[in-house]
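[1] my questions are about this predicted structure, shown below with the sequence.
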Amino acid sequence: MRNRTVPVVALAVAATLLPVLTPAATAAPPPAPTTAAPPAATATAAADTLAVPAPYTRQKPRWARCDAQTPAEFECATVKVPLDYARPGGRTLDLAISRIKATSPRERRGVLLINPGGPGGQGLDMPLYLGAELPDAVKRQYDLIGFDPRGVGQSSPVGCGLTPEETNWQRSYKAATWTKDVAWARTVAEKCRKAGRGVLPHLNTRNTARDMDVVRAVLGEKKISYLGFSYGTYLGAVYTQLFPRRADRFVLDSAVDPARIWRGMIQVWAEGAEPAFTRWTEWTAARDAAYGLGDTPAEVRAAFWDLVARADRDPVVLDGTPLSGDDIRTLRPLFFEPEYAADAVARIKRAADGGTPAPLRRSAPPRTLPPSFTRAVPEDNGDAAFWSVVCADTRAWPRDPERYRRDAIRDKAAYPLYGDFASHIKPCAFWGTGSEPATTVDNTVRALILQNEWDSQTPLVSGQGLRRTMKGARMLTVLGGEGHGVYGTGSCADRTATDYLTTGRLPAADTTCRTAPGQPVTSLRLPPSVPHALPKGF
């Protein structure tokens, strides 16, 4: 997930990257095909073997201005995709797509599909939202193509009918609440199963990658280029695995490790948080005059854990919101950006001490969708889409609740800040089986992987994991880089990424660059559905 700055006024609310499940919209399927499209690709044994029928690939999008209040060049359309690619004559889903054409027809190379992350992140507005950050050289060569993935936003959105409490999945392990937490996980899975009506097993990354190839075909392109953030890196990697001959220039920014899909990617948040927390204590101790949390790392650490213990006994009220010790521990992502975390912890401590917290040092306005995107979307659409993908992508989730209990106890001791949250029981323990096994990524497709050294949602080891599976790729690590999301932030990686997109040149080997002294850190970015929540997704 590509995130934006998170206001600390909502610290108490466990992050909501996820939305809900209502029956996905259906449409009459295209006519039963008499001929099939050519096989997707045969370059590797893992290339997709499901042919997409011609009625889908021959669709002609009806482009129209997205809204009177958005630029005229920002156009939207809807295409049909099969719910189940193994049964293409059956139920269909609507896929909402958008575009801003290349600004130089003479220099135009093709299309650049963009995914903001998630799972569950809406991407229809990405040509507008990200276009302002991309260099002119890229916009001259590419039509910028946005899309809401299947089940998300304007693309046959799903929902489970979850209550606000049921969408709160950041639950610490406590013996006293164990039975209640197991019941919560089972309830979420059961409500989604009933509401999904056969749709949920097909809301997986593999099918979303196939949807991307339908978009490629209906746009009349032999290949696509791609810019994917966070979860979007896994989506891009799966596309390169299924359709290696159709992948042109792929930038995979803030990478998910395909070998850790998906429980391992949640657990890596806890593993990565401990060194980030240690680094924060050192940074904050050197600035005790500004934050008053201690002048040694040990004192800063003690001050934080004392604050957690106090809030567990008596919640701290900040900006009208009561914060428990568990709420404070869910600030895990902030510790990857020391200044931001120090501001947050100092404000909470001041409130706990009975003072008036100082204003936040920095924040950002929420990102909002253009008013034309008016299709009714369930309030829990993000949650429903998130769990659908995370649970259906792989069959490796443990089914025995006792396994989660043991792991949560173990990891709370190993990773005190977030270990029990990460390994605690999730709805996937009771989820139905996905329509296909997880995709094994192992190819030689050329791609560029970008990674900040201090990334909260996809820690450095995660990017390194993707690099191991994509043997033809090159990885650029931003040493000292903070936050989730690299390209378009003004970092030292921007030039390399732009050069690759515009010329196709990759670095000769994996490489690094270092942030300049005083350079602003990368801000956390959230999808528009949850502008004030802490990030839950990738």
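    In hand now; what should we look at?

[2] quick one, phi psi at residue 270?
    phi -70, psi -40 (degrees, to the nearest 10).

[3] number of residues surrounding it?
    21 (other Cβ atoms under 10 Å). Backbone N, C-alpha and C define where each C-beta goes, glycine included.

[4] for residue 312, same thing?
    Counted with other Cβ under 10 Å, residue 312 comes out at 14.

[5] just use 418 as the starting number from now, easier for me
    In the new count, where the first residue is 418, that last one comes out as residue 729.

[6] wait, residue 794 touches residue 570, no?
    Yes - at 6.1 Å, residue 794 counts as touching residue 570 under the criterion of Cβ atoms under 8 Å.

[7] which one of the two is surrounded by more residues?
    Neighbour count, other Cβ under 10 Å: between residue 794 and residue 570, residue 570 has more, with 27 against 23.

[8] how about the more buried one: what's its closest non-neighbour residue?
    residue 539 (3.8 Å; Cβ to Cβ, 6 or more residues apart in numbering).

[9] which SS state does that neighbour fall under?
    Secondary structure, DSSP: H, G, I helix; E, B strand; the rest coil: residue 539 is coil.

[10] okay, and residue 498 sits in which element?
    Using DSSP states H and E, residue 498 falls within strand 492-499.

[11] got it, and residue 673?
    Going by DSSP H and E, residue 673 is not in any helix or strand.

[12] state the distance from it to residue 498.
    Distance of residue 673 to residue 498, given as Cβ to Cβ, to the nearest Å: 23 Å.

[13] contact partners for residue 647?
    Listed by Cβ atoms under 8 Å, 6 or more residues apart in numbering, the contact set of residue 647 reads 418-419, 533-535, 670-671, 673, 874-875, 901-902, 954-955.

[14] angles on the backbone of it, please.
    Torsion angles, degrees, to the nearest 10, at residue 647: phi 60, psi -120.

[15] pull up the gap between it and residue 673, please.
    With Cβ to Cβ as the criterion, residue 647 and residue 673 are 7 Å apart.

[16] which neighbours do those two share?
    In contact with both residue 647 and residue 673: 875, 955, using Cβ under 8 Å, 6+ apart.

[17] for residue 526, what are phi and psi?
    phi -100, psi -40.

[18] higher neighbour count, residue 673 and residue 498?
    The neighbour count for residue 673 versus residue 498, taken as other Cβ under 10 Å, is higher for residue 673 (31 against 26).

[19] I'd like the distance between the more buried one and residue 901.
    12 Å.

[20] list residues touching both of those two?
    647, 875.

[21] what about the closest residue in space to residue 508 that isn't next to it in sequence, how many residues nearby?
    Take residue 508 and drop its neighbours on the chain: the residue closest to it by Cβ to Cβ, 6+ apart is residue 500, 4.3 Å away. For residue 500, the neighbour count with other Cβ under 10 Å is 22.

[22] now do residue 767
    16.

[23] need the contact list for the nearest residue to it once chain neighbours are set aside.
    Distance criterion Cβ to Cβ, 6+ apart; nearest residue to residue 767, sequence neighbours excluded, is residue 774 at 4.8 Å. Under the criterion of Cβ under 8 Å, 6+ apart, the contact list for residue 774 reads 735, 736, 763, 764, 765, 767, 768.

[24] is residue 774 in a helix, a strand, or coil?
    coil.

[25] what about it, distance to residue 744?
    For residue 774 relative to residue 744 (Cβ to Cβ), the value is 15 Å.

[26] and if you look at residue 899?
    23 Å.

[27] for residue 555, same thing?
    Note on residue 555: its distance to residue 744, by Cβ to Cβ, is 41 Å.

[28] what does residue 834 give?
    13 Å.

[29] what do you get for residue 766?
    14 Å.

[30] residue 599 too?
    Counting by Cβ to Cβ - residue 599 and residue 744 are separated by 22 Å.

[31] quick one: which of the two has more around it?
    Set residue 599 next to residue 744 and count neighbours by other Cβ under 10 Å: residue 744 wins out with 24 against 18.

[32] which helix or strand contains the more buried one?
    Using DSSP H and E, residue 744 falls in helix 742-746.

[33] how about the helices in the stretch 418-567 of the chain?
    471-474, 543-548, 553-558 (DSSP state H, counting those that start in this stretch).

[34] just put the ones you listed in TSV and tack on distance to residue 918, mean neighbour count and mean pLDDT.
    What follows is the helices of the stretch 418-567 of the chain, written out as TSV (distance: least, Cβ to Cβ, whole Å; neighbours: other Cβ atoms under 10 Å; pLDDT from 0 to 100):
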stretch	distance to residue 918	mean neighbour count	mean pLDDT
helix 471-474	26	20	91
helix 543-548	13	22	92
helix 553-558	5	17	98
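
[35] quick one: closest of those helices to residue 633.
    helix 471-474 (8.8 Å; Cβ to Cβ).

[36] other SSEs contacting that closest one?
    With contacts taken as 3 or more Cβ pairs under 8 Å, 6 or more residues apart in numbering; DSSP states H and E, helix 471-474 sits against strand 492-499, helix 622-635.
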